[in-house]
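Chemist: Below is the sequence, then the predicted model.
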Amino acid sequence: GTTVTIRSRLREFARFELIGPRSTRVIQSVLKPSSYQAITFGETWKNLAALPSAASLPLGSCFSFNAKTPTRPPITSKLKPPRAPEPGSDDAMTMTTVSSLAKSWDTQFGIGSTNSASSSLLWSSDLTTNGWNNNQPVSSLMNRKSIKTLPETVPVMMIQRPASGGRAESRKAGYGSGWNVIVPAKAAVAMWLNIIHAGAHSIGSLEHEWIEFEGMESTFPRDFPDTTSGRDFEEIEEAIQMETYSKKPASKKPNWNVLQVESPFRIKWDELMKDEHEEHDESRMESTQEWFVGRGQSMIDSLNDGGDGEAETREEYLIRGKITLTGTGKPTNRAMLFVPTQNDRTLLAQSKPIKLDTPKTTTKRTERKLAGYCTSGGFSFMEGKGCGIGFCKVSSLRLCSKPSTSTSTSQPIQLLLRNNTSPFFHSVIFTPLT
């Protein structure tokens, strides 16, 4: 039989994520194909400069090559590559180059070719003998003097970062697209210095979340409540919010009893997914997670089944969707989503505000059915209004969805949203996302 050896390549590689329409030009100013690949790959490498963005190439584009090891640029000057041609320019040569490059991409860089990802020199066992071994401590790799001792060529893999999938307009414009560049860890410092001096700007996790939010992409682990990392993130977030809340004076603390918020610092998904008819069933009061998030077009198509509330199965799960406010305001994290009542629909038709009825006792609760929560919310500058990412129960969405014969597109659903610290309800449109 065939013997398969599995070896860990932990900490042997470094990945750089470049986002933006100028990401291709920044990489081109840093990396140059080696001499023996310049004949077959050099022309294609030059043609990449004609791309308005990385999203112009087919989805999933990836290629690898050997490049000249970048040297440290002068500290006193920054390389600023020229801007890529505009998408609507009249340059016939540019449009012809982009079209021909996209058509021939599968044949040049498809699976099975010499430049495909599977045959990259990064996976070669001879990587250590070529001077790219990573046996040195991390502190020595961060020394600028170590750049002078690097080999002349470095194996590089470029993986396309697709455009955001939350908005059709953002996909057309290539928003959020770019490249993931993978190099040996020993070349990380050289790549980092050259990329920064070529005009790129380093960002943190918060800025990265903003980019994903504007493109209506899910942020890990915030928008993945069905994962272990998502639950751990909620625990950490709850501790931070409780500490911040405890430092506020009494006059600045919201009255959670009046606002009818049972868990202001953490979303209780288990309570949301609990079957109303089996709420007091002790056999179901276990700590094991019995719910899941339905992802994929087939799960969204199921919203058109059982719209009368008498589905054949009582299986309950969450649907991820985009939340868009129809009026002013913006959703906040952990905002609640409700199924509007008939009275609410009447008030919405009359453009009248909907306010929470303040109960005389703390035991009284609103009659509206809780449908889900907003995990990431704020004001979107691309949309020009409040937007967010949230999760709703499929049974609640079926109560609000209109019967549709088309299963190819996601039907928007009207819900009510209320922030934890506000008594007012906002009309929102919930659009399921795959």
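Modeler: Noted; the coordinates are in hand. Here the structure is a predicted model, which is why all the values come from computation and not from measurement.
Chemist: What's the mean pLDDT across the one helix or strand Leu337 maps to?
Modeler: Leu337 belongs to strand 335-339 when assigned by DSSP states H and E. Across strand 335-339, pLDDT averages out at 94.
Chemist: Use 44 as the first number from now on
Modeler: All right, first residue 44 from here; so that's strand 378-382.
Chemist: List the buried residues for the helix or strand that that strand is followed by?
Modeler: Once the chain leaves strand 378-382, the next helix or strand it forms, by DSSP H and E, is helix 385-392. In terms of neighbour count (16 or more other Cβ atoms under 10 Å), helix 385-392 has its buried residues at Asp387, Leu390, Leu391. For every residue, glycine as well, the C-beta is placed using N, CA and C.
Chemist: how near is Val382 to Phe473?
Modeler: 11 Å (Cβ to Cβ, to the nearest Å).
Chemist: Mutual contacts of those two, please.
Modeler: Leu458 (Cβ atoms under 8 Å, 6 or more residues apart in numbering).
Chemist: of the two, who's got more company?
Modeler: Legend: neighbour count by other Cβ atoms under 10 Å for Val382 and Phe473, higher for Phe473 (29 against 21).
Chemist: In a strand, the more buried one, correct?
Modeler: Yes. Counting by DSSP: H, G, I helix; E, B strand; the rest coil, Phe473 is located in a strand.
Chemist: Cys435 is in contact with that one, correct?
Modeler: Yes. Shown here, Phe473 and Cys435 form a contact pair, counting by Cβ atoms under 8 Å, at 6.2 Å.
Chemist: Show me whatever sits in contact with both of those two.
Modeler: In contact with both Phe473 and Cys435: Gly364, Leu380, Leu458, using Cβ under 8 Å, 6+ apart.
Chemist: out of these, which one sits closest to Pro307?
Modeler: Ranked by distance to Pro307 (Cβ to Cβ), these are led by Leu380 at 15.7 Å.
Chemist: Pull up the pairing partners for the strand ranked longest in the chain, direction included.
Modeler: For the chain, the longest strand by residue count, based on DSSP state E, is strand 412-423. Paired strands of strand 412-423, with direction, are strand 378-382 (antiparallel), strand 428-436 (antiparallel) (DSSP bridges).
Chemist: could you check the angle helix 385-392 makes with the first one?
Modeler: Right, strand 378-382. 110 degrees (axes from the mean of the first three to the mean of the last three Cα atoms, to 10 degrees).
Chemist: Then the longest one?
Modeler: When the same axes, to 10 degrees is applied, the directions of strand 428-436 and helix 385-392 differ by 160 degrees.
Chemist: send the alpha carbons of stretch 363-373 over as CSV?
Modeler: The C-alpha trace of stretch 363-373 is given here as CSV (Å, rounded to 0.1, in the frame of the first residue of the first chain):
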residue,chain,number,x,y,z
ARG,A,363,-28.5,34.6,9.0
GLY,A,364,-29.7,37.8,7.3
LYS,A,365,-29.0,41.4,6.6
ILE,A,366,-30.9,44.0,8.7
THR,A,367,-31.8,47.3,7.0
LEU,A,368,-33.7,50.1,8.8
THR,A,369,-36.4,51.7,6.7
GLY,A,370,-36.2,55.0,8.6
THR,A,371,-33.7,56.8,10.8
GLY,A,372,-31.6,55.3,13.6
LYS,A,373,-29.1,52.5,13.7
